[in-house]
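>>> structure of the sequence below:
(one chain, ligands or ions: 1)
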Amino acid sequence: RPMADEGPPLPPTSSPTNNPTTSHPNGTLQQFPQIIIIGVRKGGTRALIEMLSLHSAVAAAQNEVHFFDWESHFEKGLPWYLSQMPYAFPDQLTVEKTPAYFTSSKVPKRIHQMNPDIKLLLILRDPTERVLSDYTQVFYNRLQKHKRYQPIESVLVKDGEINLGYKALNRSLYYVHMQNWLKYFPLKNIHVVDWGRVDQGPLPRDEKGGEVLKTGIADKRFKFLLQ
Ligand SMILES: Nc1ncnc2c1ncn2[C@@H]1O[C@H](COP(=O)(O)OS(=O)(=O)O)[C@@H](OP(=O)(O)O)[C@H]1O
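Numbering: from 1, shown residues only. Take a look at the predicted model:
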């Protein structure tokens, strides 16, 4: 595994292991995620986590937690992160998704400090389509709030060059962001999902007609989660 350099310590916390601390009378407890969907924004991450949560072995966090990328959350420490996790049975896998993690340069090191063996799911989409989807979301948000917006042509190009400073475009530079992750995690811990395949229609079915993801994580795209 590539060695991570020493960095500032994590904020005050309990032991950064997978030891659950909060239990519920029905036998469920909150545990740190064994799987994080790290991106990409507009890559179909909501569909992916919803699909995974259909499986009885998976407990998914409802909201994007933004623990590793937002300082105001990170400063609260791992106990706060744990408190954001869903109640799960001990044999369930906990998963959270925060697509902004993929493009935030400080995140890989922080996740590695918490758990160097964690499994990361990254759903990628055609980078050009992703930029358009990203722009469209921001466009409609601004429109609803009666804020000014810029036409896409004016943000994509600056001084006759592709504008790499435009955030939505920068997020599609997968190669650049991937370099940060590979400093801390081996490729075998980063499972890349192809957006085109998630979007290919109904989920595969087993011989009894049940959705494969409901009857077992038999779909080879997700087998790695159980290894
Ligand atoms: N089942 C399925 N498979 C693949 N893609 C799907 C699926 N369902 C939704 N979508 C499309 O995913 C886009 C939203 O992506 P995210 O959920 O990652 O968005 S976000 O970053 O959390 O805002 C968004 O893309 P655009 O419509 O192009 O904006 C959704 O339409």
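
>>> any idea what Leu29 is bridged to?
Ser23, Ala88 (DSSP bridges).

>>> let me redo that: Leu120
Per DSSP bridges, the residues bridged to Leu120 are Ile36, Ile190.

>>> oh, and call the first residue 36 from now on, that's how I've got it
Sure, I'll start numbering at 36, so the last one becomes Leu155.

>>> any idea how far Leu217 is from it?
11 Å (Cβ to Cβ, to the nearest Å). All C-beta atoms are positioned from the backbone trio N, CA, C, and that covers glycine.

>>> so what's the gap between the longest helix along the chain and the chain middle?
Ranked by residue count and defined by DSSP state H, the top helix of the chain is helix 162-179. Here helix 162-179 is found 19 Å from its chain centre; the criterion is Cα atoms, centre = their mean, to the nearest Å.

>>> after it comes which helix or strand?
helix 187-191 (DSSP states H and E).

>>> who's in contact with Leu157?
72-75, 137, 225-228 (Cβ atoms under 8 Å, 6 or more residues apart in numbering).

>>> need the buried ones from the residues you listed selected in PyMOL.
Only the buried members of these end up in this PyMOL selection, burial being decided by 16 or more other Cβ atoms under 10 Å:
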select buried, resi 72+73+74+75+137+225+226+228
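
>>> pull up the residues of this structure that are close to the ligand.
Contact residues, the chain versus the ligand (Cβ under 6 Å from any ligand atom): 76-82, 134, 168, 171, 230, 233-234.
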